[in-house]
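Enquirer: next comes the sequence, and after it the predicted model I'd like to discuss.
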Amino acid sequence: MSENNSTLNKNEKAPQVRDNTTQTVDLNDVLQDLPEDKREIIQSAFYAMEHSYSGPLPPPEYCEAIEKIVPGATNRILTVFENQANHRMETEKKIVDKQFDQSHSGQIIGACLVVLFGLISFVLGIYGHDVLAGSIGVTTVVSIAVVFVLNKMPNFHKNKNTETDE
């Protein structure tokens with residue numbers, strides 16, 4: 001490796017490093033004092049540094065650098081971010097509205113079924129089929145109560161599987 005390649009190029013601004021006495025030191029001077037193998041290791045570490053960020057938008061320094069390369073890119077990035085956020089919020093609103101409609105429809109259908117089976121139980125009771133009327137009435141009320149309390153259909157198959165696993 002030649003002497004010119006072993007230190008940072010003169011065109012590049014040398015990183016300023018603070019030592020223990022809080023003095024600013026030119027990195028090129030420090031690198032020149034090191035043996036060549038250690039100098040190469042340190043230089044490769046500086047060149048291998050990677051910057052990363054997390055979040056929806058890049059940090060302002062990245063936006064400035066991107067803007068210098070592609071004028072208007074930062075505005076396009078912000079526009080895409082805003083469009084994506086609006087799309088996500090609209091989608092979430094649609095999902096909530098559909099879930100509300102489904103829940104509302106289920107309650108109406110459940111109420112109709114309770115009334116229907118109640119009438120069937122009542123008619124069967126009037127015509128002397130007390131046991132059948134009672135069993136239909138009780139199973140209807142218990143089933144509807146379980147669904148409303150659990151807010152879902154009970155999963156009897158899951159319970160059987162866990163009992164056999166033990």
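Expert: Happy to help now that I have it.
Enquirer: what's around residue 100, how many residues?
Expert: Residue 100 has 10 neighbours, counted by other Cβ atoms under 10 Å. For glycine as for every other residue, the C-beta is placed from the backbone atoms N, C-alpha and C.
Enquirer: tell me the helix or strand right after the helix or strand where it lies.
Expert: Assigning secondary structure by DSSP states H and E places residue 100 in helix 73-126. Scanning forward in sequence from helix 73-126 by DSSP H and E, the next helix or strand is helix 130-150.
Enquirer: this structure - how does it break down into domains?
Expert: 3-50, 96-165 (automatic domain parsing).
Enquirer: that older thread, between the helix holding residue 100 and helix 130-150, how big is the angle?
Expert: Interaxial angle, helix 73-126 versus helix 130-150 (axes from the mean of the first three to the mean of the last three Cα atoms, to 10 degrees): 160 degrees.
Enquirer: and helix 73-126, average pLDDT?
Expert: Per-residue pLDDT values over helix 73-126 give a mean of 90.
Enquirer: now do it: distance to the chain's middle.
Expert: 22 Å (Cα atoms, centre = their mean, to the nearest Å).
Enquirer: that one packs against which elements?
Expert: Other elements packing on helix 73-126 under the criterion 3 or more Cβ pairs under 8 Å, 6 or more residues apart in numbering; DSSP states H and E are helix 60-69, helix 130-150.
Enquirer: columns mean pLDDT, distance to residue 28 and mean neighbour count on top of those, output as CSV?
Expert: Output for the helices and strands packed on helix 73-126, formatted as CSV (pLDDT from 0 to 100; distance: least, Cβ to Cβ, whole Å; neighbours: other Cβ atoms under 10 Å):
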stretch, mean pLDDT, distance to residue 28, mean neighbour count
helix 60-69, 86, 24, 12
helix 130-150, 85, 72, 13
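Enquirer: how about the ones you listed, which one is nearest residue 77?
Expert: Closest approach to residue 77 among those is made by helix 60-69 (7.3 Å; Cβ to Cβ).
Enquirer: any chance of the helices and strands packed on helix 73-126 in TSV, with distance to residue 80 too?
Expert: What follows is the helices and strands packed on helix 73-126, written out as TSV (distance: least, Cβ to Cβ, whole Å):
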stretch	distance to residue 80
helix 60-69	13
helix 130-150	43
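Enquirer: thanks a lot, catch you later.
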